[in-house]
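Chemist: Sharing a model that was predicted from the sequence below.
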Amino acid sequence: MTSASPKRRGVLFEGLRRSLGLTHGDDPTRFDPHLVDRVDATVGRLFGQGRYFDTTVEGFEHLPPPPALLVSNHSGGTLIPDVWGLALMWYRHFGTSRPLYILGHELLFATPMSGRLFESAGVLRAGPGRAERVLKEHRRDLLVLPGGDVDVWRPWSERYSVNFAGRTGYARLAIRAQVPVVPVAHAGAHDTLLVLRSGKRIARWLGLHRVARAEVWPLHLSLPWGLALGPVPHWPLPARFEYLVGQPIAPPAQESLQAVRDLDARTRSVVQVQLNELAARRRARAR
């Protein structure tokens, strides 16, 4: 028996999603600014200067007029506290009149309730079609974290190393949409737990890339589990969250394999330089 084509598998998957009531994560017009305000009034109490997550952002003044494609490294495990911190600080700076859409993993939309919540907050299922619509049709800003699970679960010893896992789709997106790439570096969320190993070999052995688009099965020390195996949610320890927003990078005028590679290489280099600067500051304060 021959396997179904990728297009056919996609149609079957979408049909299954809809039969289960998983219809959220596709529509940017469902963004609800009132929900953002409620989130800031509750969860947002944890983020800010002198709070549980002592959060600062530098460089918002570098943002060009929308649309822009923000590209960041990723840290902090399943609860993605680095994304929460950046998004909350974004709205405190720009307000809800300038929404920040975020591409998220399929698992965020695994239930109707979570899907509705995240979509209302501006989170969309990762995919080139939805990303292009946000940038080209709606002319809104978009945040992508290309490293995904590989970056967010990299070992603590590699917390100051950018790992986009060879994913260059964001660079192709920027060229096709002709929007600037804004490099963002984050440091701090990796201190909310201690990732010992990413578990890439275990993930491959389990075939997680086929069933859950996952490439890691991490081993970590975290609350309340102690020693834990797998990307289980944890209670994050307090930490200092710092972000650097860099100067926008103009995309090449024409798409080609080399143009995509060059834009990816330049973006990763700038994010790494910014992350190095944050690391140097943190080490200096620790002395």
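Modeler: That came in fine, so what should we check first?
Chemist: Tell me how many other residues crowd the residue nearest to residue 80 when sequence neighbours are not counted.
Modeler: Spatial nearest neighbour of residue 80, chain neighbours left out: residue 152 (6.6 Å); criterion: C-beta to C-beta, 6 or more residues apart in numbering. The way it works is simple: take the backbone N, C-alpha and C, and place the C-beta from them, glycine included. Residue 152 has 27 neighbours, counted by other C-beta atoms under 10 Å.
Chemist: Kindly report the same for residue 49.
Modeler: Quick note: residue 49 (other C-beta under 10 Å) scores 8 neighbours.
Chemist: Let me know the secondary structure of the closest residue to it other than its chain neighbours.
Modeler: Closest residue to residue 49 in three dimensions, ignoring its sequence neighbours and counting by C-beta to C-beta, 6+ apart: residue 56, at 6.4 Å. Using DSSP: H, G, I helix; E, B strand; the rest coil, the structure places residue 56 in strand.
Chemist: Could you tell me how far residue 56 is located from residue 139?
Modeler: Noted for residue 56: a distance of 29 Å to residue 139, by C-beta to C-beta, to the nearest Å.
Chemist: and the closest residue to residue 32 other than its chain neighbours, what does it touch?
Modeler: Once flanking residues are discounted, residue 32 sits nearest to residue 120: 4.2 Å by C-beta to C-beta, 6+ apart. Residues in contact with residue 120 (C-beta atoms under 8 Å, 6 or more residues apart in numbering) are 30, 31, 32, 35.
Chemist: From residue 275, how far out is residue 120?
Modeler: For residue 120 relative to residue 275 (C-beta to C-beta), the value is 31 Å.
Chemist: again with residue 81
Modeler: 17 Å.
Chemist: for stretch 178-186, what is the average pLDDT?
Modeler: Confidence for stretch 178-186, expressed as mean pLDDT, is 98.
Chemist: what comes up buried for it?
Modeler: Using 16 or more other C-beta atoms under 10 Å as the burial criterion, the residues of stretch 178-186 that qualify are 179, 180, 181, 182, 183, 184, 185, 186.
Chemist: A strand includes the last one, no?
Modeler: Yes: with three-state DSSP as the criterion, residue 186 is assigned to a strand.
Chemist: ok, it - contacts?
Modeler: 72, 73, 74, 75, 82, 85, 86, 241, 242, 243, 275, 278.
Chemist: re the thing from before, check the residue nearest to residue 49 and give its pLDDT.
Modeler: Residue 56 is assigned 98 on the pLDDT scale.
Chemist: ok, back up a step: buried only: go through the contacts of residue 120 for me.
Modeler: 31, 32, 35.
Chemist: Restricted to strands, list the contacts of residue 186.
Modeler: Of the positions in the contacts of residue 186, 72, 241, 242, 243 sit in strands, assigned by DSSP state E.
Chemist: Nearest to residue 165 among these?
Modeler: Among the ones in strands among the contacts of residue 186, residue 72 lies closest to residue 165 (C-beta to C-beta), at 13.9 Å.
Chemist: Confirm for me that that closest one is in contact with residue 148.
Modeler: No: using C-beta atoms under 8 Å, residue 72 is not in contact with residue 148, being 11.5 Å away.
Chemist: Just want to know which of these two has more residues nearby.
Modeler: A count of neighbours by other C-beta under 10 Å puts residue 72 above the other of residue 72 and residue 148, at 26 against 22.
Chemist: In this structure, where is pLDDT below threshold?
Modeler: 1-22, 203, 206, 208-214 (pLDDT under 70).
Chemist: Count the neighbours of residue 244 for me.
Modeler: For residue 244, using other C-beta under 10 Å, the count is 23.
Chemist: follow-up on the earlier one: show me which of the ones in strands among the contacts of residue 186 is closest to residue 226.
Modeler: Nearest to residue 226 among the ones in strands among the contacts of residue 186, with distances taken as C-beta to C-beta, is residue 241, at 24.2 Å.
Chemist: Check the contact between the closest one and residue 47; I expect there is one.
Modeler: Yes: the pair residue 241 and residue 47 passes the contact test of C-beta under 8 Å, sitting 7.2 Å apart.
Chemist: list the buried ones in stretch 122-131?
Modeler: 122, 123, 124, 125, 126, 130, 131.
Chemist: got the CA coordinates for that stretch in PDB?
Modeler: C-alpha atoms of stretch 122-131 as PDB (Å, rounded to 0.1, in the frame of the first residue of the first chain):
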ATOM      1  CA  GLY A 122      -2.800  36.700  18.600                       C
ATOM      2  CA  VAL A 123      -1.100  33.300  18.600                       C
ATOM      3  CA  LEU A 124      -1.600  31.400  15.300                       C
ATOM      4  CA  ARG A 125      -0.700  27.900  14.200                       C
ATOM      5  CA  ALA A 126       2.800  27.900  12.600                       C
ATOM      6  CA  GLY A 127       2.600  27.700   8.900                       C
ATOM      7  CA  PRO A 128       3.800  29.800   5.900                       C
ATOM      8  CA  GLY A 129       0.300  30.500   4.600                       C
ATOM      9  CA  ARG A 130      -1.000  32.000   7.900                       C
ATOM     10  CA  ALA A 131       2.300  33.900   8.300                       C
END
